[in-house]
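In: Need coordinates for the below:
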Amino acid sequence: LGGLPLGCNGRAALLMSGGIDSPVAGYMIMKRGVEIEPVYFHSFPYTSDRAKEKVIDLCRALSAYSGKMRLHVVNFTQVELNDNTPNELLTILMRRMMVRISEEIAKKARCQALVTGESIGQVASQTLEALTCTNDAATLPIFRPLIGFDKIDIMDLARKIGTYDISIEPYADCCTVFVPEHPKTRPDLAAVLEAESLLDMDIMLKSSLEDIEVIEINADR
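Out: Numbering: from 1, shown residues only. Sure, this is the predicted structure:
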């Protein structure tokens with residue numbers, strides 16, 4: 001593929017959804033020699049087990065390029081976020097919590113960075129202001145291989161690597177189910193931090209980290 005040997009440039013945790021973008025981001029970072037540990041946030045019963053199977057299928061498609069990988073499935077119902085935060089900030093607060101959880105998983109898996117499928121301006125959580133708020137929650141670097149891509153570019157690459165048909169299967173994940181009606185597209189970090197101060201972030205983080213399923217993924221099964 002014209003890339004580098006997998007693992008020669010370390011390891012990174014990929015924030016994985018059932019959508020089109022994150023598997024493509026995973027492929028691109030693997031091509032540069034980085035081994036990935038996908039992290040998926042499963043919100044049963046708000047999302048179906050078929051949504052989880054979809055992500056497993058996406059990881060299996062990616063493992064055709066890596067041979068194998070470990071998928072970390074986090075039980076993430078975010079009830080406290082829904083009940084105790086301003087609705088327009090729900091997306092960015094959820095994203096910040098996902099970053100914190102993924103970092104803890106990354107550190108245990110000896111990863112040096114996080115990877116996401118974000119692209120500037122594609123959705124409400126991907127404006128420059130929203131990305132800045134997300135970055136503030138991280139201590140590891142966040143790499144975004146698709147940051148300058150438009151959706152057509154991403155879809156074309158998804159078809160090329162064999163993930164597109166899986167990604168468009170109609171099984172929603174938490175990023176789709178919990179989108180507020182009017183999300184804040186240009187969130188102010190001070191307002192986000194104030195909203196977070198009303199939550200017990202340590203308990204939420206601890207609870208999520210206690211309920212993680214690790215699934216070994218191989219290309220042939």
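In: which residue packs closest to Arg144, ignoring adjacent ones?
Out: Distances taken as CB to CB, 6 or more residues apart in numbering place Glu118 nearest to Arg144, at 4.9 Å, with adjacent residues excluded. Yep, even glycine has a C-beta here, placed from its N, CA and C like the rest.
In: The one you found: neighbour count?
Out: Glu118 has 23 neighbours, counted by other CB atoms under 10 Å.
In: for it, what are its contacts?
Out: By CB atoms under 8 Å, 6 or more residues apart in numbering, the residues touching Glu118 are 21, 125-126, 131, 144, 146-147.
In: remind me which residues of the chain are low pLDDT?
Out: 1, 44-46, 78-80, 172-180, 220-221 (pLDDT under 70).
In: Which stretches in it count as strands?
Out: Along the chain, counting by DSSP state E, strands occupy 11-16, 35-42, 68-75, 113-115, 142-143, 212-218.
In: Thr91 and Thr134: what is the separation?
Out: Distance, Thr91 to Thr134, using CB to CB, to the nearest Å: 10 Å.
In: what sits in contact with each of the two?
Out: Contact criterion CB under 8 Å, 6+ apart; residues shared by Thr91 and Thr134: Ser125.
In: if we can go back for a sec, can you select the buried ones among the contacts of Glu118 for me in ChimeraX?
Out: Selecting only the buried entries of the contacts of Glu118 in ChimeraX, with 16 or more other CB atoms under 10 Å as the criterion:
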select :21,125,126,131,144,146
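In: Turn the contacts of Glu118 into a markdown table, columns for distance to Ile217.
Out: Putting these into a markdown table (distance: CB to CB, whole Å) gives the following:
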| residue | distance to Ile217 |
| --- | --- |
| Asp21 | 19 |
| Ser125 | 27 |
| Gln126 | 27 |
| Leu131 | 29 |
| Arg144 | 23 |
| Leu146 | 22 |
| Ile147 | 26 |
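In: Return the member of the contacts of Glu118 nearest to Ala138.
Out: Nearest to Ala138 among the contacts of Glu118: Leu131, at 10.9 Å, using CB to CB.
In: how much space is there between that closest one and Ala64?
Out: Leu131 sits 30 Å away from Ala64, taking CB to CB as the criterion.
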